[in-house]
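Q: got a predicted model here, sequence first, then my questions.
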Amino acid sequence: MIPLRQFPYQLYLVISEADCNGRNFLHVAEQAILGGVDLIQLREKNCSQEVFLKKALQLRELTEKYAVPLLINDNASVAMQADAAGIHVGNTDTPPTVIREQWQDRTKLVGYSIEYLDQLQNEQVTASDYLGISPVFSTPTKTDTVTEWGLKGIASIRQLTEKPLVAIGNIHAGNAREVIQAGADCIAVVSAICSAHDPQKAAYTLKNELVK
Ligand SMILES: Cc1ncc(COP(=O)(O)OP(=O)(O)O)c(N)n1
Ligand SMILES: Cc1ncsc1CCOP(=O)(O)O
Ligand SMILES: [Mg+2]
């Protein structure tokens, strides 16, 4: 597990083929890496296990070339078979404690979404390496959400835990800095990079906002 608050990633790309507007997701991912993305999650919500694994293996080959860790959304079996760097799970997925039992390798990263404040008291937080503040701002990319945390929500969660905080939901170059200033350690984006005309430039611009 990652020690508290030591999270060496600031710009996190969450990608699926569908979010890339007809472009090849591997091409978009490579452009994003060249622009400065430090962590990638493959989030395929509507494909078979077989197709998900194939995409994970393709993306892992690319991420390995650039030494960028790859996480898999939801699916522990795909994450393990692809020997990904970790997994991201939410409230309705396999809980982090169970992932830890199944996946004995302690170097694997486990991310866990926070949708309710009282989750911060549960053992799943202890079993996680980072917490996804989900969503910070409501977003058309994911509409089945519970709490729109806002900047105040980030600040409140920051007071309650030392775990690295990854903010996600409608984050773009115009609000990325204030999200970090509110207490997040990292921002995660889908459309700000996947829908951008130039994903490399979009990632570069976002990264510059974070390191200012
Ligand atoms: C970095 C990050 N944070 C939050 C989420 C959302 O996860 P979850 O609540 O399980 O919802 P789905 O992504 O599975 O629809 C995430 N994927 N990544
Ligand atoms: C996967 C996920 N989890 C919470 S919001 C979200 C989608 C974020 O997408 P975007 O960056 O396009 O708003
Ligand atoms: Mg999930």
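A: Looks like it arrived, so ask away. Ligands and ions are numbered 1, 2, ... in the order given.

Q: list the residues that contact the nearest residue to Cys194 once chain neighbours are set aside.
A: Once flanking residues are discounted, Cys194 sits nearest to Asp19: 4.2 Å by CB to CB, 6 or more residues apart in numbering. Bear in mind the C-beta positions are built from the backbone N, C-alpha and C, glycine included. Each residue near Asp19 by CB atoms under 8 Å, 6 or more residues apart in numbering is listed here: 25, 141, 190-191, 194-195.

Q: how about those residues, which pair is most distant?
A: Maximum pairwise distance in the contacts of Asp19, criterion CB to CB, is 14.7 Å, between Phe25 and Thr141.

Q: so which residues of this protein form strands?
A: Taking DSSP state E, the strands of the chain run over residues 11-15, 39-42, 70-73, 86-89, 109-114, 130-133, 165-168, 186-189.

Q: same list (these) but as CSV, adding mean pLDDT.
A: Shown next, in CSV, are the strands of the chain (pLDDT from 0 to 100):
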stretch, mean pLDDT
strand 11-15, 98
strand 39-42, 98
strand 70-73, 98
strand 86-89, 98
strand 109-114, 98
strand 130-133, 98
strand 165-168, 98
strand 186-189, 98
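
Q: let me know which of those is the nearest to Leu53.
A: Evaluated with CB to CB, the strands of the chain place strand 70-73 nearest to Leu53, the distance being 9.4 Å.

Q: so which elements touch the lengthiest helix in the chain?
A: Looking across the chain with DSSP state H, the single longest helix is helix 49-65. With contacts defined as 3 or more CB pairs under 8 Å, 6 or more residues apart in numbering; DSSP states H and E, helix 49-65 has these neighbours: helix 25-35, strand 39-42, strand 70-73, helix 76-81.

Q: out of the ones you listed, which one sits most buried?
A: Most buried of those, by mean neighbour count (mean count of other CB atoms under 10 Å): strand 39-42, with a mean of 27.

Q: let me know whether stretch 113-126 sits next to ligand 1.
A: Yes. In terms of CB under 6 Å from any ligand atom, part of stretch 113-126 sits within range of ligand 1, namely Ser113.

Q: okay, buried residues for that stretch please.
A: Going by neighbour count (16 or more other CB atoms under 10 Å), the buried part of stretch 113-126 is 113-115, 124-125.

Q: and Asn46, what does it touch?
A: Going by CB under 8 Å, 6+ apart, Asn46 touches Ala18.

Q: again, only using 10 Å
A: Counting by CB atoms under 10 Å, 6 or more residues apart in numbering, Asn46 makes contact with 16-18, 52.
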